[in-house]
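S.K.: Curious how this folds, go ahead:
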Amino acid sequence: MSDTAGGAPGESMEPAAKRRCESHHPFDIGRFAGKMENASNDDIKSLLENVWKPSNRMDCPSTSGRRFQLSWMETYPWLAYSKEVDGAFCIWCVIFGHRFQALSKNSSKLEQLYREPFRSWGKASSKLQLHNTNSHVHKFAALEYDNFLQLIENGRKPVDQMISAAHARAVEANRAKLRSIIDTIIFCGRQNIALRGHRDDQTNVSTDHNPGNFQALLDFRCKAGDSVLADHFSTAPRNATYRSKTVQNEVIDCCKEWIWKKTVDDVTAEPSFFSIMADEATDCSNKEQLPLVIRYLDSSLKIREVFLAFSECKEGVSGEAISKLILDTLESVGLSMDKCRGQCYDGAGNMAGRCRGAAARITQQHPEALYTHCGSHRLNLCVMQVCTVQAVRNMFGTVEQLSLLFSLSPKRQAQLEADIKQCLPESKHKKLVNVCRTRWVERLNALDLAIELYEPAMETLDAIASNREGHWNTESTTKASTLLRACRDPQFLVALHVTCQVLGVTRGLTSTALQLDSETSGHSQYLA
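M.R.: Residues are numbered from 1 along each chain as shown. I've put the predicted structure just below:
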C-alpha cells in the first residue's frame with residue numbers, strides 16, 4: 001500500500017518540505033479511499049499518524065461560493081480533507097469501513113465520506129452530524145478504531161479477537177437498548193395492562209392522541225432517567241426504534257417460547273408424566289378458542305396446573321378437529337403424548353363421545369391417556385339440576401330482580417346504603433350481588449348477601465313503595481311493591497334459607513377444586 005500512496009508510511013518530513021509538498025502529499029486521504037481492504041496494521045498506523053490535514057495558512061478551493069471549513073475537523077476528529085479531490089472523508093470509515101459495509105441499508109449514501117468525497121459544503125453541518133450519530137458502519141468503524149489504538153498501546157492481538165470484541169460491545173449496546181423495551185412489555189403482561197391504545201403506529205407515537213400504555217410507559221422511562229433508552233430514541237432511525245406493534249408481537253412471542261421451554265423442562269423432569277385439561281369457549285370477537293392446561297407433579301412432588309395456550313378452533317369444534325388441535329398444540333410446545341396419562345374435559349358429545357369424541361380419538365392413539373369427566377363440571381350439573389325445582393327457580397328470579405332494582409339506579413342504591421348503615425352499622429357489605437347463571441359458587445355468594453342484607457333491603461323497599469316523601473316515580477314504587485310482596489312470601493324465605501344451606505355443603509369442595517395454590521399459577525416468574 002505504501003507504493004500506492006507514493007511514499008513510505010513511516011517517512012518523516014520537515015515542516016518546510018511539508019509546505020512544498022502540500023499539493024501532492026503522500027498521505028492525502030483521497031488516495032486511500034476504497035484501497036484499505038488489504039492494508040496491514042503498520043500501514044494503518046502510518047496513515048493514522050501522518051494523514052495530511054490542511055494548515056491554517058491554506059485556503060481550501062471554493063465551490064459555488066462555499067468551501068471546506070477547518071473548524072469541522074475540530075468538531076469531528078474523524079474528519080479529513082483531501083486537496084487532490086477537493087472533498088472530505090471519514091478517516092475511520094476509509095480505514096475500517098470495508099469490514100462492516102454489509103450493515104449499510106443504503107449503499108449509495110455510504111459511498112460519501114467512505115469511498116467518494118463529500119463536497120456538499122452547504123449541508124455539511126447536518127450531514128456530518130447524521131454520519132456521526134446514525135451511520136451503523138461509522139459506529140462499528142469507531143469501535144474498531146478504539147480497538148486498534150488499544151492494540152498499538154497494549155501489544156499485538158489476533159485480528160479475529162479484535163473483531164469479536166467489537167462485535168460483543170455492539171451486541172451489548174443493542175441489548176441495553178432492548179432491555180428497557182422488553183422489561184416494559186413484560187411489566188404490562190404481568191400486570192394485565194393492555195399494551196396498545198387507539199393507534200400506536202409510528203405516526204401516532206408523538207401526537208396528542210393516546211398512543212397506548214406501552215408507548216406511554218416508554219416515554220415515562222425516558223423522563224424518569226433511562227438515558228440509554230432516551231438516547232436510543234433520539235438517535236435511532238425511524239425504522240429501528242423497536243417500539244412498533246410488530247416488535248411488540250415479536251417480543252410477546254419470545255416470552256411465550258421462553259415460558260413454554262421452562263414449562264416443558266419442569267414437566268419432563270422426573271417423574272415426567274402429565275395430564276391435559278381443555279374446554280372450548282367463545283371470545284369477545286366471536287371466535288371459538290380452546291384453552292389448554294396441563295397438570296403434573298414437579299420435581300418436589302407438588303401438583304401444578306399450568307396454562308399453555310389459547311388455540312383458535314379454525315376447523316370447527318367437532319371431536320376430530322379438537323383432538324387434532326390438542327395434539328398439534330402439545331407438539332408445538334414440545335411435549336410428547338407418550339408421557340400423557342390423563343384427559344379431563346366436560347361431558348359434551350364432541351369431547352366425551354365414546355366413538356367420535358375428542359377423548360376417544362386421543363385414547364385410540366395413546367391408550368394410557370385415560371379420560372375423566374371434569375369433577376367441577378359434574379358438580380355444576382348436579383347443582384343446576386337441583387335448581388330446576390320451581391320454588392327454587394322462583395326464589396333465584398326474585399333475588400336477581402332485587403339486585404337489579406338497586407344496581408340499575410344510583411338513587412335507589414344510595415337509599416339502600418343508608419338503610420344498611422342504620423340497620424347493620426357493622427356490616428362491610430353495601431350492595432346486593434346479581435345471581436350468576438353458570439357458576440354455583442357465585443350463586444351461593446349472592447344468596448348469602450341476600451340473607452345478610454334482608455332487613456335493610458326490606459326497609460328500603462317499604463320506603464320506596466310507600467313513597468312517603470314523594471321522591472320516587474311510579475316505576476320505582478311499582479317495582480318496589482311487587483318485590484316487597486315477593487320477598488315477604490313464606491315460600492321465598494324457606495327456599496332462600498334451604499337452598500343456601502344445601503349449596504353451602506359444596507363450598508369446601510369448591511375451594512379445594514378450583515382455588516389453586518399460588519405455585520400452580522404458571523411460569524410468569526421466569527420472565528422476572
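S.K.: going forward, measure contacts between C-alpha atoms and count neighbours the same way
M.R.: Fine.
S.K.: what about residue 476, how many neighbours?
M.R.: Residue 476 has 17 neighbours, counted by other Cα atoms under 10 Å.
S.K.: wait, it sits on residue 467?
M.R.: No - between residue 476 and residue 467 there is no contact, the gap being 9.4 Å when judged by Cα atoms under 8 Å.
S.K.: Could you measure from the residue nearest the centre of the chain over to residue 281?
M.R.: In the chain, the centroid-proximal residue (Cα atoms, centre = their mean) is residue 185; its distance is 3.3 Å. In this view, residue 185 and residue 281 are 27 Å apart by Cα to Cα, to the nearest Å.
S.K.: can you check residue 249 too?
M.R.: 24 Å.
S.K.: higher neighbour count, those two?
M.R.: residue 281 (15 against 12).
S.K.: My guess is that one contacts residue 310. True?
M.R.: No - using Cα under 8 Å, residue 281 is not in contact with residue 310; the gap is 9.9 Å.
S.K.: where do the contact lists of these two overlap?
M.R.: 289, 290, 291 (Cα atoms under 8 Å, 6 or more residues apart in numbering).
S.K.: Now intersect those with the strands, please.
M.R.: Per DSSP state E, strands hold the following members of these: 289, 290, 291.
S.K.: Buried residues, the longest helix along the chain. List them.
M.R.: Longest helix in the chain, counting residues (DSSP state H): helix 159-190. For helix 159-190, burial by neighbour count (16 or more other Cα atoms under 10 Å) applies to 162, 163, 166, 177, 178, 180, 181, 182, 184, 185, 186, 187.
S.K.: Which neighbouring elements make contact with it?
M.R.: helix 136-154, helix 213-223, helix 227-235, helix 245-268 (3 or more Cα pairs under 8 Å, 6 or more residues apart in numbering; DSSP states H and E).
S.K.: In CSV: those helices, plus mean pLDDT and distance to residue 406.
M.R.: Converted to CSV, these look like this (pLDDT from 0 to 100; distance: least, Cα to Cα, whole Å):
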stretch, mean pLDDT, distance to residue 406
helix 136-154, 83, 65
helix 213-223, 90, 35
helix 227-235, 90, 51
helix 245-268, 89, 43
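S.K.: and of those helices, who's closest to residue 112?
M.R.: For these, distance to residue 112 was read as Cα to Cα. The smallest value, 11.8 Å, belongs to helix 136-154.
S.K.: in the closest one, what's buried?
M.R.: For helix 136-154, by 16+ other Cα under 10 Å, it's 136-145, 147-148, 151.
S.K.: can you check stretch 259-278 too?
M.R.: 259-261, 263-264, 266-268, 272-278.
S.K.: same check, this time on stretch 37-49
M.R.: Applying 16+ other Cα under 10 Å to stretch 37-49 flags 43, 44, 45, 46, 47, 48 as buried.
S.K.: So which of the residues you listed is the closest to residue 362?
M.R.: Distances from residue 362 to the buried residues of stretch 37-49, taken by Cα to Cα, are shortest for residue 44, at 68.8 Å.
S.K.: Under a three-state scheme, what state does that closest one occupy?
M.R.: helix (DSSP: H, G, I helix; E, B strand; the rest coil).
S.K.: Just to be sure, residue 88 is in a strand?
M.R.: Yes - assigned with three-state DSSP, residue 88 falls within a strand.
S.K.: joint contacts of residue 476 and residue 467?
M.R.: By Cα under 8 Å, 6+ apart, no residue touches both residue 476 and residue 467.
S.K.: where does the protein have low pLDDT?
M.R.: 1-24, 56-59, 102-111, 155-163, 198-209, 386, 436-441, 508-528 (pLDDT under 70).
S.K.: Dump the buried residues of helix 136-154 to TSV, plus distance to residue 196.
M.R.: Formatted as TSV, the buried residues of helix 136-154 follow (distance: Cα to Cα, whole Å):
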residue	distance to residue 196
136	30
137	34
138	35
139	33
140	34
141	38
142	38
143	37
144	40
145	42
147	43
148	46
151	48
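S.K.: from those residues, which is closest to residue 60?
M.R.: residue 138 (25.5 Å).
S.K.: wait, doesn't that closest one sit right on residue 94?
M.R.: No - between residue 138 and residue 94 there is no contact under Cα under 8 Å: 9.7 Å.
S.K.: any common contacting residues for the two?
M.R.: With Cα under 8 Å, 6+ apart as the test, residue 138 and residue 94 reach no residue in common.
S.K.: What strand or helix carries residue 507?
M.R.: helix 490-514 (DSSP states H and E).
S.K.: and that helix, which residues are buried?
M.R.: Judged by neighbour count using 16+ other Cα under 10 Å, the buried positions of helix 490-514 are 492, 495, 496, 499, 500, 503, 504, 506.
S.K.: and it, what does it pack onto?
M.R.: Using 3+ Cα pairs under 8 Å, 6+ apart, helix 490-514 is in contact with helix 375-386, helix 390-407, helix 440-452.
S.K.: Against which helices or strands is the second one packed?
M.R.: If I follow you right, that is helix 390-407. Using 3+ Cα pairs under 8 Å, 6+ apart: helix 390-407 touches helix 410-423, helix 474-487, helix 490-514.
S.K.: Check what contacts it and list those residues.
M.R.: 387, 412-413, 416, 431-435, 447, 450, 479, 483, 486-487, 491-492, 495-496, 499.
S.K.: tell me the angle the helix holding residue 507 makes with helix 375-386.
M.R.: 170 degrees (axes from the mean of the first three to the mean of the last three Cα atoms, to 10 degrees).
S.K.: relative orientation of helix 490-514 and helix 440-452 in degrees?
M.R.: 140 degrees.
S.K.: quick one: helix 490-514 to helix 390-407, angle?
M.R.: Using the same axes, to 10 degrees: helix 490-514 against helix 390-407 is 80 degrees.
S.K.: so how far is helix 490-514 from its chain's centroid?
M.R.: 43 Å (Cα atoms, centre = their mean, to the nearest Å).
S.K.: Give me the helices and strands touching the helix or strand hosting residue 343, please.
M.R.: Using DSSP H and E, residue 343 sits within strand 340-345. Judged by 3+ Cα pairs under 8 Å, 6+ apart, strand 340-345 is in contact with strand 274-278, strand 370-373.
S.K.: do that again at 10 Å, thanks
M.R.: strand 274-278, strand 288-297, helix 349-352, helix 358-365, strand 370-373, helix 375-386 (3 or more Cα pairs under 10 Å, 6 or more residues apart in numbering; DSSP states H and E).
S.K.: quick revisit: what is the nearest of the buried residues of helix 490-514 to residue 120?
M.R.: Each of the buried residues of helix 490-514 was scored against residue 120 by Cα to Cα, and residue 506 proved nearest at 83.0 Å.
S.K.: Next one: the closest one from residue 383, what distance?
M.R.: Counting by Cα to Cα, the gap from residue 506 to residue 383 is 9 Å.
S.K.: next one: residue 236
M.R.: 61 Å.
S.K.: repeat for residue 295
M.R.: Counting by Cα to Cα, the gap from residue 295 to residue 383 is 26 Å.
S.K.: Can you pick out the residue with more neighbours from these two?
M.R.: Neighbours were counted for residue 295 and for residue 383 using other Cα under 10 Å; residue 295 has more, 21 against 16.
S.K.: The more buried one contacts residue 273, correct?
M.R.: Yes - using Cα atoms under 10 Å, residue 295 is in contact with residue 273, at 8.9 Å.
S.K.: quick one: the helix or strand where residue 323 lies to chain centroid distance?
M.R.: Element membership for residue 323 (DSSP H and E) is helix 319-333. Distance of helix 319-333 from the chain centroid (Cα atoms, centre = their mean) equals 26 Å.
S.K.: Return that helix as CSV; C-alpha atoms alone will do.
M.R.: Listed next in CSV are the C-alpha coordinates belonging to helix 319-333 (Å, rounded to 0.1, in the frame of the first residue of the first chain):
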residue,chain,number,x,y,z
GLY,A,319,-64.3,-34.2,18.1
GLU,A,320,-61.9,-34.8,15.3
ALA,A,321,-61.0,-31.1,14.9
ILE,A,322,-60.5,-30.6,18.7
SER,A,323,-58.4,-33.8,19.1
LYS,A,324,-56.2,-32.7,16.3
LEU,A,325,-55.9,-29.2,17.7
ILE,A,326,-54.9,-30.5,21.1
LEU,A,327,-52.2,-32.9,19.7
ASP,A,328,-50.8,-30.2,17.4
THR,A,329,-50.6,-27.7,20.3
LEU,A,330,-48.8,-30.1,22.6
GLU,A,331,-46.4,-31.0,19.7
SER,A,332,-45.6,-27.3,19.1
VAL,A,333,-44.9,-26.8,22.7
